[in-house]
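S.K.: sequence and predicted model, in that order:
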Amino acid sequence: MSQLLSTSIEYLKGVGPKRAEILAAELGVRTYRGLLHHFPFRYEDRTKFYKVSEVQGDLPYVQLVGELTNIQEIGTKFKKRLVAKLKDDTGTIELVWFKGVTYFAKSLKVGEKYVVFAKPNVFNSKINLVHPEVETLIEFKNAVQSKLQAVYPSTEKLAKFSLASKSISRLLRTLLPQLKYKLEENLPATVVADFQLLNREAAMFNIHFPTSVEVLKKAIARIKFEELFMIQLELLKLKLVNLEKSSGFVFGEVGEKFNGFYSNNLPFELTGAQKRVLKEIRRDLKRGKQMNRLLQGDVGSGKTIVALMTILIGLDNGFQAALMAPTEILATQHYEGLKELLVGMDIEVELLTGSVKAKKRREIHEKLEGGTLHILIGTHALIEDKVKFKNLGIAVIDEQHRFGVAQRAKLYKKNAIPPHVLIMTATPIPRTLAMTLYGDLDVSVIDELPPGRKEIQTLHWYENKRLRLFGFMEGEIAKGRQIYIVYPLIEESEKLDYATLEEGYQHIFKRFPAPKYKVSIVHGKMKADVKQFEMDRFVNGETDIMVSTTVIEVGVNVPNASVMIIESAERFGLSQLHQLRGRVGRGAEQSYCVLMTGNKLSSDGRLRMKTMTGTNDGFQIAEVDLKLRGPGDLRGTQQSGTPIDLKLANLATDGELIEKARKAANQVLENDPNLERQENLGLLTYLREKNRGKMNWSKIS
Ligand code: ADP
Ligand code: MG
C-alpha cells in the first residue's frame, strides 16, 4: 500500500510533468500521499440556502435557488456584460458576467430553476452576484458531489496552471477511488475503539468530500488525533529509551547537610507546592536513572530554595553540584543568595563567570578538580570544556529558555554517568503545550506563591497620564520605595534602542534631579563591571530609580523595589510583561506595575493590556499568550528536539485532544513498550521511518 501512496503525483491523471513541478514547488505535494494529506483550510457550506431578501453585502458567500426571469447582454465589444435576473418568493437579484458572456447567454434559459453560489457584491448601493457558480436545480439535485465543498489554499502560480482550489478538488476526486479499501488503519484497533475514532479511510475521504457536517467533524478530529498521537508516542518512546539507556547516580540518602539546613537554616516554612515538588525530585534521585526534570513556577514562587535543597541531597551523597544562570547578574545574585542561606554550614561555594580573573579562576578549577569545592555557580562559563569537576552529580539550570539542547548535552559529559538535571523556568507553559514541547521531560509545577504576598496592582495608562505617573513616582519614592523603568528592546536596531533609553534616562534625570533623587542606568552595551556597579547601587538601595532595557528581566531580586514601570508596553509580548512585573511584589509593601502605552493600540495590544491588568496568574497569561501568538512561534523555542509536524492539529487550541492522544500513547506503550505486538507494528514502522538518519533516541533530553 505504501508503494501506491508513494507514487509520484506526476502519474495521476490530469497532472503530468509540468503541473507536478508546480505542485511540488508551491505546495510541497510530490506523491499521492502528499495530495491525500493536502487538507482543505475551510469548507463552503452548500447545504444552506439564503432567500434573496436575506442577502447582504457583508456575507462571505450565499447560495440561492430561483427562476431566471430575464437575460440581457448589455454594452458592446469590450464593455459587454451579461445580466440575468434570479427571482424567488422574496425578491429578485441580478447575476452579472463580464467574461464568458456569449457562453452563458447561450446556455442559460429563462424560466428554468437554477442554484447559484457567489460572494455578494455591492455596486451603486445595490447588491448583485458577479460570476456566480450556476447549476440547474436538477443538476444540483443529481450531483453526487458533497454539499460541503472543500476549499484548498491557492497561490497565483497555482491558479495560473489551473491548480486552484477547484482543480485540486478534481484531482482528489480522481485519486480517492483508487485508494478505496487500500488505506489501512494505522492506529491500533484498541485506540480506535477506546477513543471512538473514525477509521482512517473514512476520515480521509470525508476530509476532502464530507458527506455531512457531523462526519466532517469526526474526520477532522480523527486526523488531528492521529497527528498528535504520533508525536506523543514518539516523545514517550524517547523518554522510555532515555530511561532504559541512561543510568544515573543513586542519591539514596538525605543526610546531614539536607537535614541540617532544614532544621537550622531554612528561613521559612516551605509551601505545599514546594514540598510536593521536592518529593517528586527525591523519587527521581533514588531510582538509578538520570533525572531530567523541568520545574515550572511563576516568578517569586520560590524555585531557588527547591534547587538548593536538591543540591544538598547531591552533596549528602558525596557529589558536587552546578547551578547555571543565563546572565552574570543573575548568577551573582544566586551566589550571594545561596551563601547567605548556607551561612554557618561547612559548604564551599564559588562563582564562575566571564569576568572572574585568571588567578581566581585557576583556584576555582583546582578546588573543583580536587573535590573541595561543593557548589559551583555561574554562567555559560561553567560548561566550558576546561571546567572539570571531580564528581558532578547534579546540575541545576535556571531560566531554561536561554539554554539550548546542545548546551545541556555538554553538561551531560561532565561526568562518566550523566549528572541529574533540574531545569527551572519562570515562563509558565500551559500544561498541554508542555506535554508536547517538553514531552520527553518530567514536569513539576509550583503553583502556589509563598504566603503573605500582596497582589501586585497593575495599571494601564496612556501617554496623556505621564504627569500623573511622575506624581505617583514621587509619592512612592517619598515612602522609601525604589522604582524600575524598563524600555523595550528593538531587535532590528540596537542604536535606536539605545537612543530611546538614553532619551528616557535624560528625561527622568531632569524630572528627578540630583541630589534629591538618584538614578541608575543599565543597558546591554555596558561593560560587565560598570553594569554590576550600577546594579549594586540599586540593589543596595543607594539609588531610587533604575532605568534599563530588558536586561533586568531575569531573576533580579530587590525586595524594596515596589514599582515597575514599563514604557511602550504594547511592544512587549505577554510573557515578557509578566516576567518584568515579577520583579516587584517581593517585599512586604504594596507593589505596582504601570503599563505605559501610546494612544493607538492594536486589538491584540489592547487584549494584552487587559490580560495584564486582569490577572497575576502566569498560567492564565500563558494561555492567552499562546492563543494570541499561536504555536507557530514556539517552534523556535522548542526544546524537546522532536520535530513537530502538524497539518491540522493546533497546539494552542487542541489541548483536550493532546491530552487524549497522550493518554492513548501512554496506554499503548504501557502494554507494549517495544511495540512488538502485531497491532502495533504499524506504529513501530512509522517511528523508524520518521527517525531514520536523524538523531538517535539515546541521547536527547
Ligand atoms: P523564583 O521562583 O522566582 O526563583 P525565588 O526562589 O527567588 O523565586 O523566591 C522569591 C522569594 O520568595 C525569595 O525572597 C524567597 O526567599 C522567598 N520564598 C521562597 N519560598 C518561600 C516560602 N515558602 N515562604 C516564604 N518565602 C519564600
Ligand atoms: Mg529565580
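M.R.: That came through, no problem. Ligands and ions are numbered 1, 2, ... in the order given.
S.K.: going forward, measure contacts between C-alpha atoms and count neighbours the same way
M.R.: Fine.
S.K.: now residue 125: phi and psi?
M.R.: phi 50, psi 20 (degrees, to the nearest 10).
S.K.: remind me which residues of the stretch 301-450 of the chain are low pLDDT?
M.R.: 400-406 (pLDDT under 70).
S.K.: could I get the full set of helices for it?
M.R.: 303-316, 328-341, 358-370, 405-412, 431-437 (DSSP state H, counting those that start in this stretch).
S.K.: please identify which of those is closest to ligand 1.
M.R.: For ligand 1, the closest of the helices of the stretch 301-450 of the chain is helix 303-316, at 3.6 Å, according to C-alpha to the nearest ligand atom.
S.K.: convert the closest one to PDB, retaining C-alpha atoms only.
M.R.: Coordinates of the C-alpha atoms in helix 303-316 are reproduced here as PDB (Å, rounded to 0.1, in the frame of the first residue of the first chain):
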ATOM      1  CA  LYS A 303      12.100  27.800  42.900                       C
ATOM      2  CA  THR A 304      15.600  28.700  44.300                       C
ATOM      3  CA  ILE A 305      15.100  27.000  47.600                       C
ATOM      4  CA  VAL A 306      13.900  23.900  45.900                       C
ATOM      5  CA  ALA A 307      17.000  23.900  43.800                       C
ATOM      6  CA  LEU A 308      19.200  24.400  46.800                       C
ATOM      7  CA  MET A 309      17.700  21.600  48.700                       C
ATOM      8  CA  THR A 310      18.000  19.300  45.700                       C
ATOM      9  CA  ILE A 311      21.700  20.300  45.500                       C
ATOM     10  CA  LEU A 312      22.100  19.500  49.200                       C
ATOM     11  CA  ILE A 313      20.800  15.900  48.600                       C
ATOM     12  CA  GLY A 314      23.600  15.600  46.000                       C
ATOM     13  CA  LEU A 315      26.200  16.900  48.400                       C
ATOM     14  CA  ASP A 316      24.900  14.500  51.100                       C
END
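S.K.: roughly how far does the residue of the stretch 51-200 of the chain at minimum distance from ligand 1 sit from residue 653?
M.R.: Distances between the stretch 51-200 of the chain and ligand 1 by C-alpha to the nearest ligand atom are smallest at residue 195, namely 38.4 Å. For residue 195, the distance to residue 653 (C-alpha to C-alpha, to the nearest Å) stands at 19 Å.
S.K.: same for the longest strand along the chain, what does it pack against?
M.R.: Using DSSP state E, we find that the single longest strand of the chain is strand 62-74. With contacts defined as 3 or more C-alpha pairs under 8 Å, 6 or more residues apart in numbering; DSSP states H and E, the packing partners of strand 62-74 are strand 81-88, helix 101-107, strand 113-118.
S.K.: hmm, 6 Å instead?
M.R.: strand 81-88, strand 113-118 (3 or more C-alpha pairs under 6 Å, 6 or more residues apart in numbering; DSSP states H and E).
S.K.: okay, now the unreliable bits of this protein?
M.R.: Ranges of the chain meeting pLDDT under 70: 1-2, 143-146, 400-406, 489-499, 551-555, 630-645, 691-701.
S.K.: show me which helix runs longest in it.
M.R.: When the chain is parsed with DSSP state H, its longest helix is helix 213-245.
S.K.: tell me the first helix or strand C-terminal of it.
M.R.: helix 256-260 (DSSP states H and E).
S.K.: next one: that following helix to chain centre, how far?
M.R.: Put simply, helix 256-260 sits 40 Å off its chain's centre (C-alpha atoms, centre = their mean, to the nearest Å).
S.K.: try stretch 293-311
M.R.: Distance of stretch 293-311 from the chain centroid (C-alpha atoms, centre = their mean) equals 22 Å.
S.K.: quick one: is it near ligand 1?
M.R.: Yes - on the criterion C-alpha under 6 Å from any ligand atom, stretch 293-311 is in touch with ligand 1 at 297, 299, 300, 301, 302, 303, 304, 305.
S.K.: about what we covered before: okay if I get the helices of the stretch 301-450 of the chain as a markdown table plus distance to residue 188 and mean neighbour count?
M.R.: Putting those into a markdown table (distance: least, C-alpha to C-alpha, whole Å; neighbours: other C-alpha atoms under 10 Å) gives the following:
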| stretch | distance to residue 188 | mean neighbour count |
| --- | --- | --- |
| helix 303-316 | 41 | 22 |
| helix 328-341 | 49 | 19 |
| helix 358-370 | 52 | 15 |
| helix 405-412 | 33 | 16 |
| helix 431-437 | 21 | 21 |
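S.K.: taking the residues of stretch 293-311 next to ligand 1, tell me the two that lie furthest apart.
M.R.: Within the residues of stretch 293-311 next to ligand 1, 299 and 305 form the most distant pair, 13.1 Å apart (C-alpha to C-alpha).
S.K.: nearest to residue 129, of the helices and strands packed on strand 62-74?
M.R.: Comparing the helices and strands packed on strand 62-74 by C-alpha to C-alpha, strand 113-118 comes nearest, at 6.1 Å.
S.K.: now do the closest one and strand 62-74, the angle between them.
M.R.: 100 degrees (axes from the mean of the first three to the mean of the last three C-alpha atoms, to 10 degrees).
S.K.: about what we covered before: now do the longest helix of the chain: which elements does it pack against?
M.R.: helix 200-208, helix 655-671.
S.K.: got the residues of the chain near ligand 1?
M.R.: 268-271, 297, 299-305, 450.
S.K.: now, among those residues, which is nearest to residue 345?
M.R.: For the residues of the chain next to ligand 1, the nearest to residue 345 is residue 305 (15.6 Å; C-alpha to C-alpha).
S.K.: from residue 337, how far out is the closest one?
M.R.: Residue 305 is 10 Å from residue 337, by C-alpha to C-alpha.
S.K.: check residue 686 too.
M.R.: Separation of residue 686 from residue 337 (C-alpha to C-alpha) stands at 50 Å.
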